[in-house]
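Asks: Here's a sequence, model it:
(2 chains)
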Protein chains: 2
Amino acid sequence: MGAMKWWGWGEEGVAFTHEDKPELAPFIERVLGLDVRRPGTPALAFERLDVPEPNLPEHLRSALEEAVGADQLSTDPHDRIVHGRGKSLRDLVRQRRGDLGRLPDAVVRPADEGEAAALLRAAIDAGAVVIPFGGGTSIAGSLEAGPDEARPVISVDMARLNRVLEVDATSQLARVQAGAFGPDLERQLNAQGWTCGHFPDSFTHSTLGGWIATRSSGMQSDRYGDVAELTRGLRVVTPSGILAVRAVPSTSTGPSVREMVLGSEGRLGIITEATIHVRRVPPERTILGYLFPTWGAGLAAMRDIAASEASPSVTRVSDARETALSFATRKTPTLVDRLKSKALQTFLKHRGVDPTAMCLSFIGYEGSADYVAAQRKLTERIVKRHGGLGIGRSPGELYDQKKFDTPYIRDFLLDRGAPADVSETSAPWGRLQAVYDDVTAAFSDALDRLGMRGYLMCHLSHSYHAGACLYFTFALNPSGDRDALEEYGVVKSAIQQAFVDSGATLSHHHAVGTEHAQWLEEDISKPGVAMLRALFEGTDPGANLNPGKIVASCLDPGVGETLAGGESRDSNGRAGGPRHTVDAHQGSQPPA
Amino acid sequence: MGAMKWWGWGEEGVAFTHEDKPELAPFIERVLGLDVRRPGTPALAFERLDVPEPNLPEHLRSALEEAVGADQLSTDPHDRIVHGRGKSLRDLVRQRRGDLGRLPDAVVRPADEGEAAALLRAAIDAGAVVIPFGGGTSIAGSLEAGPDEARPVISVDMARLNRVLEVDATSQLARVQAGAFGPDLERQLNAQGWTCGHFPDSFTHSTLGGWIATRSSGMQSDRYGDVAELTRGLRVVTPSGILAVRAVPSTSTGPSVREMVLGSEGRLGIITEATIHVRRVPPERTILGYLFPTWGAGLAAMRDIAASEASPSVTRVSDARETALSFATRKTPTLVDRLKSKALQTFLKHRGVDPTAMCLSFIGYEGSADYVAAQRKLTERIVKRHGGLGIGRSPGELYDQKKFDTPYIRDFLLDRGAPADVSETSAPWGRLQAVYDDVTAAFSDALDRLGMRGYLMCHLSHSYHAGACLYFTFALNPSGDRDALEEYGVVKSAIQQAFVDSGATLSHHHAVGTEHAQWLEEDISKPGVAMLRALFEGTDPGANLNPGKIVASCLDPGVGETLAGGESRDSNGRAGGPRHTVDAHQGSQPPA
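Replies: This next block holds a predicted model:
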């Protein structure tokens, strides 16, 4: 793997391009008024960045070196910059501008649990802040120190803890170190015939520990379960010692400590190991494409599949706008493709389907040949009932190959000055259409107020018994009148606010961090936030562990006054990390 | 439903008898040396009980009456006694002896969330203790006030909050008040074609809120999910207001507040409402009987079924000792039964199966006729591979009809002076045989040390991807040399200790309360206990909410010194409720 970009997604040398996709540039021009054929503006050159000296007192440095070895403590500028933030849109824009935020003063790389415990002890003794770092792909602002953090800040890079320690074939469980990246984890498991089956969009660049700390979901979670389901045992280095959660299938031992670690974003300790579900690599695995006449029909089909006796491994349906983008992103088609496509159009017209309302869907099946055939039969009966049409294997295969490349598109658009981002939520089946409508209206309304163009699209990405995840993607063409990040903030806030106002959740699998913290109270209610606060403050009395994430801690330096003010929208206060770079206008109201 | 027994399980007038089961008395005589045909010794007469006056200051009484209405506050002795404890073996023995423990000073019955909030406020203002009460079937000591509790104690009976408020057919969710008893809940749902599908052994006498507060599992949880899975939304009256958890299918909003309420045993607040999964009543539902040649074969079959593509609704297999009891509990057989039974014996002999090693299994199937047939085919292929033999519908039907009557057997045995109890756990598939062997050895060893007879049996009751629940039942014939409760304590402790020593959990679905609290730290580790303590103390700073359960609170009056002593086995300290009536010998060591 190449070096991690300090200014964008993924690794140096990998980029998205429109050049082999003839319909894409015209499409973007049409919907956003943006000419992507113009040369882009890259990030500032690394050499021009202004990197402050690290604040690393000698006694802390030597204690950390003792803990992890001198060669595993780094104060190198590139290391500090890469570990200073995640990859949220705000993060990328500010990095490109050379606004680096509160950089960590050192990056340490423990080799095992013992070293992690020693470094945490050293940091607490020195009154320093510790921020665990997996793959650094957080898009919720979970990794940056508070802007006014006066204490030394230590980023703990977990990448050396990358081994599958043991596979218990009888129990279908694997003990895995938390720093293992997705591809490395799967490679080690596949070598023994097993898979974990967790494939988030960030898969290539994220780690098991990161998935756990954010309550991640993967593309095939309908079958394998979200990370909260597939994680059974845990080992976590905490201020009061090693938290060891036994890998039992279910337990009644009071409120679930296992579930407290899930989504804890480093606030309770450093996750060093997990015992996770594994399954035999399935004999067959296929993702098929379908078209639904309308978004409503697609949603209804997914709902009926979830309520049925069918168990597909992937259920996904895009709205008409996302479908249009998918079709526009095809590579130069062959003559055969063109003919097929023409035949499809004729067929659709014949059936009375409006091609502009059409919704592309992917449904996956996994298991033995018999099982796959049976699931497919059950599922397709429901698809057909809702006017759906099978379009074969190739769209699904293409999606399957390309799914981890999507985040690179953000950098492509940012090069051209256009912010693009995602917001995802979940809601009961009966609320999904209303959530979708509310978000769409909030987005349009925000654009109107700002006087700018934008494009919003959505897909349903995960189905459950009682509801589903809606995953929105949007791109903006800034007006040029204001800071693009400020305009982005208005739109992003409008979407998030529509989530909580319409009864959905602030995030299905991207976590809270600092960027979603202002909606937490509206989602889980004031007593819910108080419970989280009690847990964090009681477990980490010195507020050494990634303070200010999820909820602002009363113990966080400098936050007290803000909280006393009592404005719930600002309850994340000054510890809210990324928000210090945008001005006072960002909120649900447009600038005057 | 009749009045609740103050001295035993269930309702007055319902009892278990051996008289219509000709083989039972000889069986018990053989394995325990106990003659159940001798007349039993009933509990003390109610009139002979010594009931202390309630400690209910006038200002608290009027505030509570204002909250719930004067007619919904009771200081009636029977009410206070019935609400003073659950139904653990210790509870029943002490009740029978007239040792009533720290009775609540009043029982209040709120009609809705508003009344629950008002009474909690009144109690906190008066410095009183509040203990929520559902069906009162706890067998972990979750309901009794600490023996030295000096503050007024209020039992909050939730039975008036018994309605299904709304069924959202599209989302397959129902909003239900927490005080609804199992049969009432199912009746209301069935009337609209729905089922919740949660059937714990306590079903008839327990409530939705109680299931949630203990992380209950039901007989068909393999299909419907444990209560932790099927509970999505929650409303809980807490000291800082109404905790409202949205009924979303999955969420990434920090550590799960929903999962904090599950298993909270009243320590975080009063659960007033939940939004739960419902499913259409299935067209077909069947439970079939199977016989396995050995316990090992039965375990292996259940494990292979869990790893397969089959999805039965019930997976249960009893060990040889429990199988022997099942056969001995049959009612007077008809001639046809005798002939069938004889044919079966012959068949088994022919197959070379040792009838004394034979293990009875029940496997359930639910859904459409096609689905049931497909699941059965997949499952029976695995059963056969492990030497299992289908024995048809009647054993399963009998089990299904009688499953809620089992707890009455404890009273039948207690009438004859024999303590009987259950202990259940869960562990990964690969550990189950070792857990079973360790528990069996610990039980025998305890009996040897005490010089008494006892009978231990076990079944696997729930299967998961990575493990299963083992449910042990034991009966003792006290030696007569010591207090029977003391001897029981030695045996119960030996079993629980074997659970945690062999890597299993202290309870799969019966919760912690006070009776399992001493093993909590060995199960979830010291930092895990500290996290629970932080959550409870931060949420309930006055320790008004069911103090001393799960973990002793540092704020509990009188507990500080014990904790300072630092003995982890005694960390539940003086707040540990029920333990004050047994003498110092109860622990893992036998009396000298």
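
Asks: can you pull the pLDDT of the residue nearest to the spatial centre of chain A?
Replies: Nearest residue to the geometric centre of chain A (C-alpha atoms, centre = their mean): residue A:510, 4.1 Å. Residue A:510 carries a pLDDT value of 97.

Asks: Near the closest residue to it other than its chain neighbours, how many other residues are there?
Replies: Excluding the flanking residues, the one nearest residue A:510 by C-beta to C-beta, 6 or more residues apart in numbering or on different chains is residue A:140, at 5.4 Å. For every residue, glycine as well, the C-beta is placed using N, CA and C. Each residue near residue A:140 was counted by other C-beta atoms under 10 Å in any protein chain shown, and the total is 24.

Asks: if I read this right, residue A:140 contacts residue A:519, doesn't it?
Replies: No. Counting by C-beta atoms under 8 Å, residue A:140 does not reach residue A:519; the two are 11.3 Å apart.

Asks: mind listing what the residue nearest to residue A:510 touches?
Replies: Residues counted as contacts of residue A:140 (C-beta atoms under 8 Å, 6 or more residues apart in numbering or on different chains) are A:86, A:88, A:214, A:507, A:510-516.

Asks: The same query, at a cut-off of 6 Å, please.
Replies: A:510-511, A:513, A:515-516 (C-beta atoms under 6 Å, 6 or more residues apart in numbering or on different chains).

Asks: neighbour-wise, which of the residues you listed leads?
Replies: residue A:515 (31 neighbours).

Asks: Using the three-state scheme, assign it.
Replies: Secondary structure, DSSP: H, G, I helix; E, B strand; the rest coil: residue A:515 is coil.

Asks: That one: what's its closest spatial neighbour, skipping adjacent residues?
Replies: Ranked by C-beta to C-beta, 6+ apart and with sequence neighbours excluded, the top spatial neighbour of residue A:515 is residue A:141, at 4.1 Å.

Asks: Residue A:384: helix or strand, and which one exactly?
Replies: Residue A:384 belongs to helix A:369-385 when assigned by DSSP states H and E.

Asks: Wait, residue A:328 touches residue A:26, no?
Replies: No. Contact criterion C-beta atoms under 6 Å: residue A:328 and residue A:26 do not qualify, at 7.8 Å.

Asks: Between those two, which is the more surrounded one?
Replies: Neighbours were counted for residue A:328 and for residue A:26 using other C-beta under 10 Å; residue A:328 has more, 18 against 14.

Asks: ok, now which ones touch the more buried one?
Replies: By C-beta under 6 Å, 6+ apart, residue A:328 lies in contact with A:23-24, A:27.

Asks: what's the burial count for residue A:373?
Replies: 13.

Asks: Residue A:170 now?
Replies: For residue A:170, the count of nearby residues is 17 (other C-beta under 10 Å).

Asks: Please parse chain A into its domains.
Replies: Under the assignment automatic domain parsing, the domains of chain A span A:49-157, A:164-280, A:284-396, A:408-581.

Asks: how long is the third one end to end?
Replies: With C-alpha to C-alpha, to the nearest Å as the measure, the first residue of domain A:284-396 is 14 Å from its last.

Asks: before we move on, what about the first one?
Replies: This stretch, domain A:49-157, spans 22 Å end to end (C-alpha to C-alpha).

Asks: and it, average pLDDT?
Replies: The average of the pLDDT scores along domain A:49-157 is 97.

Asks: roughly how far is that domain from the heart of the chain?
Replies: 21 Å (C-alpha atoms, centre = their mean, to the nearest Å).

Asks: List the single closest residue to residue A:492 in space, sequence neighbours excluded.
Replies: The shortest distance from residue A:492 to any non-neighbouring residue, by C-beta to C-beta, 6+ apart, is to residue A:421 (6.2 Å).

Asks: List of residues touching stretch A:234-245?
Replies: The contact list for stretch A:234-245 (C-beta under 6 Å, 6+ apart) reads A:116-117, A:120, A:124, A:233, A:257-258, A:261, A:269-274, A:540, B:525-528, B:530.

Asks: which one of the contacts of residue A:140 is nearest chain B?
Replies: Nearest to chain B among the contacts of residue A:140, counting by C-beta to the nearest C-beta, is residue A:511 at 4.8 Å.
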